[in-house]
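Q: need a structure here:
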Amino acid sequence: MTKPTLPRAHIFFVHSPITAVTTKLTIEQANLPREDVYLIIRENAYDLVKGLVPDQQILFVDNYWLTSHERGKFITQRWGYILLERAVIQAVQTLITGEDAQVLSELSYGGSIERIRTTREFSLYVAHLTIDMVYALVKSPECVEVNLIEEGTLHYVNYMYSESFLEEEKTPIFALDKTGIEQRNTYYSYLLAEEESESKIKKCYALSDEAFWLLPYYDSLVNVEKVLLDISSLKNPEYQSYLIKHQQEQLLTNPQLANDKEYQARVKDPADIAHYINVVVLEAEKGKFIAEDNFVKSQVEIFKRVYDQGIKYVQYKFHPASSQEVRQQILEQVNNLGLVAQEIPNHVSLDQEAFANAEKQIMFHGIQSSVLLYAAIAGQYVMTYQDILADDPSYIEMLELLPESLSIKINKAAKYHFVNVTS
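A: The predicted structure is shown next:
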């Protein structure tokens, strides 16, 4: 008896708060059957997608991720990649077919990827193609369609970022005809891999019309459809906001704020910037657009700008990758400003706060974190201070890669613009 053909699976790769948002909206607005939707995630993204699909339709790939990021170079890298590719394809097919794991017999040969005994076709939804696991799945014969989902400022830049991947094999004994290990192209792009993969890209799911703006400029992508997602369903009147709760507590219990009658009156005035939940978003310490010797100074300057606008209470969040040493250096200077500054723990998603809270509740301050972009799209207020880096050589170099500064992009994408009557 012939086994019935399984319907196409829809696989989302979720690895950040924004990919969680675009995944949720895409599933809902593309009317994808939940029983055919599968998620590939790292464990730290579970809370972001919990409840979207049953847990048995989620594949945790922390071990694969570590393998792809920690393997060595040259020979080890080549063997590591082919084994990773085989493991990922096998694990995904096991996930979506419900079959037990099967042993693959031979290495891929001549650039082809072998088929597993029981397979299921799938559409893949990813932010970009440069993650090894994603690239392996795109190349799989069972992948019949690729859809790009918005992730961050990556999709607003002026160029296709390429990076060296595998060097050309120069050791004869490890050449393709000797080993059967499929070598990859030396270069590929964040949006594109090669012609075969480009032809699979069908749609781009975006949160802003400013995203994926490069599509018309590439012949191979001119027919890719850009779908603008409706974010209104993300607003949640029952959302328990960490930011609102902690501001209310501080205004009532902190002596510096509770006894300041003038400031308490300002907090009640919607025309005053003090009325809003003011949040400072700090940049990544190892980012490429701020010179190392200017990093601490630039982050402290954001707090100074906030204080100069008459704001006396602010919540702030460090980038998760910031070192304790740098955090301490920043806070030592911030504590001397006279601000009541309260740290937001890492588990609180500022993207979620921006999208779930009612519009015009939060005022985000920063330089060019993607949080600022999505807060503006979500209907919150945003103030950018990119002029802080006007003389920074790393920032000047980065500007050459953008069609326009991110502050301009944010202003274009913003639903509302705030005029501070107190400044």
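Q: what about the helices in the stretch 201-350 of the chain?
A: Under the criterion DSSP state H, counting those that start in this stretch, helices of the stretch 201-350 of the chain are mapped to 242-253, 255-258, 261-267, 295-308, 324-334, 350-356.
Q: got the CA coordinates for the longest one in CSV?
A: Okay, so that is helix 295-308. Provided in CSV are the C-alpha atoms of helix 295-308 (Å, rounded to 0.1, in the frame of the first residue of the first chain):
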residue,chain,number,x,y,z
PHE,A,295,32.4,53.5,23.2
VAL,A,296,32.0,54.3,26.9
LYS,A,297,31.9,58.1,26.2
SER,A,298,29.3,57.8,23.5
GLN,A,299,27.0,55.7,25.7
VAL,A,300,27.3,58.0,28.7
GLU,A,301,26.5,60.9,26.3
ILE,A,302,23.0,59.4,25.6
PHE,A,303,22.2,59.6,29.4
LYS,A,304,23.4,63.2,29.4
ARG,A,305,21.1,64.1,26.5
VAL,A,306,18.2,62.5,28.4
TYR,A,307,19.0,64.4,31.6
ASP,A,308,19.4,67.7,29.7
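Q: packing partners for it?
A: strand 277-281, strand 313-317, helix 324-334, strand 362-366 (3 or more CB pairs under 8 Å, 6 or more residues apart in numbering; DSSP states H and E). Just so you know, the C-beta spots here come from the backbone N, C-alpha and C atoms, and that holds for glycine as well.
Q: Quick one: the ones you listed as a markdown table, columns for mean pLDDT, distance to H347 and mean neighbour count too.
A: Converted to a markdown table, these look like this (pLDDT from 0 to 100; distance: least, CB to CB, whole Å; neighbours: other CB atoms under 10 Å):
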| stretch | mean pLDDT | distance to H347 | mean neighbour count |
| --- | --- | --- | --- |
| strand 277-281 | 97 | 15 | 24 |
| strand 313-317 | 97 | 11 | 22 |
| helix 324-334 | 95 | 17 | 15 |
| strand 362-366 | 97 | 18 | 25 |
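Q: And the helices of the stretch 201-350 of the chain: which comes nearest I201?
A: Closest of the helices of the stretch 201-350 of the chain to I201 is helix 350-356, at 25.0 Å (criterion: CB to CB).
Q: for the record, mean pLDDT for the closest one?
A: Mean per-residue pLDDT for helix 350-356: 95.
Q: before we move on, back to that, now the helices and strands packed on helix 295-308 as CSV including distance to S241?
A: Shown next, in CSV, are the helices and strands packed on helix 295-308 (distance: least, CB to CB, whole Å):
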stretch, distance to S241
strand 277-281, 8
strand 313-317, 11
helix 324-334, 23
strand 362-366, 9
